[in-house]
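Trainee: have a look at this fold, sequence not included:
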């Protein structure tokens, strides 16, 4: 069942519900932001029905049980809630718990679930497609822009055909991907609340014949539907922001897998870069050592590129 159709389905089936189920339906439609994070027992108590009635209600909507209904609600609201509503929901979830412990335990669970559920075949196919692409477009906006920037930086060390497509005051996204086509690969990163610009750009790349790799949280969102390969990462709410720990882990895994396939091709480039980094003092010496004085012409370069 599509999560976006949940409220519509409740409305369509409302007349066939029992009295208790109608109470549940009204509660969910009026308080879906809170309903998504309460147990079946607590929801039943709030509405005034038994826990078994809550479970039967979930089954009547086509779910295997209440946990599946709750998951659908959570996925639905993540792209509906305003920033203020997200803060209120996170306050209900965390309550009096230690914030550091709560957030980090949640992040560890997201990585564990992502590791267990990721499609290994799609992952390997994405790696092979990227390695053999004519041009690699990496696209992420809003909060996903940081992921796209991180990926683009390291891809730029391994390939000479990388285009980092980002938000710019001087350039529209479509200006940056107008030449995308067959033989290229477009990597899109998007998590709730999904950016329309990212989704439209991914659809454009797909229509132009580019292979599309989607790194996102749901196979049912618009970007994933346009993708040839979908790499799913868990990304639940953490206050008004989404946790991007698991998505970053997938990006790391892609970088490692690709670097292993291109060891010989990248060796010479990396050796030259190391020499240049040393020559132009790009990095601070380890252990507080005193850096050597720059040679003539190096100071200006270091300041300009630092």
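Mentor: Done, it's in. On a predicted model such as this, the values are computed, not experimentally measured, just so you know.
Trainee: who are the contact partners of the nearest residue to residue 36 once chain neighbours are set aside?
Mentor: In this structure, residue 36 finds its nearest non-sequential neighbour in residue 73, 3.8 Å apart by Cβ to Cβ, 6 or more residues apart in numbering. Every residue, glycine included, has its C-beta placed from N, CA and C. Applying Cβ atoms under 8 Å, 6 or more residues apart in numbering, we find residue 73 in contact with 3, 6, 28, 32, 35-36.
Trainee: roughly how far apart are residue 73 and residue 220?
Mentor: The spacing between residue 73 and residue 220, counted by Cβ to Cβ, to the nearest Å, is 14 Å.
Trainee: likewise for residue 151?
Mentor: Distance from residue 151 to residue 220, by Cβ to Cβ: 24 Å.
Trainee: okay, the two: which has more neighbours?
Mentor: residue 151 (24 against 13; other Cβ atoms under 10 Å).
Trainee: give me the element that one is part of.
Mentor: When elements are assigned from DSSP states H and E, residue 151 belongs to helix 145-158.
Trainee: report the mean confidence score over the helix or strand just after that helix.
Mentor: Later in the chain than helix 145-158, the nearest helix or strand by DSSP H and E is strand 162-165. Strand 162-165 carries an average pLDDT of 95.
Trainee: packing partners of the helix or strand that strand 162-165 is followed by?
Mentor: With elements assigned by DSSP H and E, the helix or strand that comes after strand 162-165 is helix 173-177. On a contact count with 3 or more Cβ pairs under 8 Å, 6 or more residues apart in numbering; DSSP states H and E, helix 173-177 meets strand 136-140, strand 162-165, helix 196-207.
Trainee: residues of stretch 34-46 that come out buried?
Mentor: 34-38, 40, 43-44 (16 or more other Cβ atoms under 10 Å).
Trainee: got the contact list for it?
Mentor: Under the contact criterion Cβ under 8 Å, 6+ apart, stretch 34-46 has outside partners 24, 27-28, 50-51, 53-55, 58, 66, 70, 73-74, 76-77, 89, 92-93.
Trainee: and the buried ones among those, selectable in ChimeraX?
Mentor: Selection of buried members from the contacts of stretch 34-46 for ChimeraX, criterion 16+ other Cβ under 10 Å:
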select :24,27,28,53,54,55,58,66,70,73,74,76,77,89,93
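Trainee: confidence score at residue 278?
Mentor: As summarised for this prediction, residue 278 has a pLDDT of 83.
Trainee: oh, that last question was meant for residue 267, not what I typed.
Mentor: With respect to pLDDT, residue 267 scores 79.
Trainee: give me the neighbour count for it.
Mentor: When counting by other Cβ under 10 Å, one arrives at 10 neighbours for residue 267.
Trainee: relative to residue 259, how far out is it?
Mentor: Taken as Cβ to Cβ, the span from residue 267 to residue 259 is 11 Å.
Trainee: output the contacting helices and strands for the longest helix along the chain.
Mentor: When the chain is parsed with DSSP state H, its longest helix is helix 99-117. In terms of contacts (3+ Cβ pairs under 8 Å, 6+ apart), helix 99-117 is packed against helix 245-261.
Trainee: for the helix it packs on, buried residues please.
Mentor: 245-251, 253-255, 257-258, 261.
Trainee: before we move on, what about stretch 221-236?
Mentor: By 16+ other Cβ under 10 Å, the buried positions in stretch 221-236 come out as 221-224, 226-236.
Trainee: among those, which two are most distant?
Mentor: By the measure Cβ to Cβ, 228 and 236 form the most distant pair in the buried residues of stretch 221-236, at 26.3 Å.
Trainee: picking that back up, mind checking which of the buried residues of stretch 221-236 are in helices?
Mentor: Among these, the members falling in helices are 222-224 (criterion: DSSP H).
Trainee: where in the stretch 201-306 of the chain is pLDDT low?
Mentor: 236-241, 287-306 (pLDDT under 70).
Trainee: what about 80?
Mentor: 236-242, 266-270, 277, 280, 284-306 (pLDDT under 80).
Trainee: okay if I get the helices and strands packed on helix 173-177 as TSV plus mean neighbour count and distance to residue 188?
Mentor: Putting these into TSV (neighbours: other Cβ atoms under 10 Å; distance: least, Cβ to Cβ, whole Å) gives the following:
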stretch	mean neighbour count	distance to residue 188
strand 136-140	27	5
strand 162-165	21	9
helix 196-207	19	4
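Trainee: so how far is residue 192 from residue 105?
Mentor: From residue 105 to residue 192 the distance is 21 Å (Cβ to Cβ).
Trainee: more neighbours: those two, which one.
Mentor: For residue 105 versus residue 192, the count of surrounding residues by other Cβ under 10 Å is larger for residue 192: 22 against 12.
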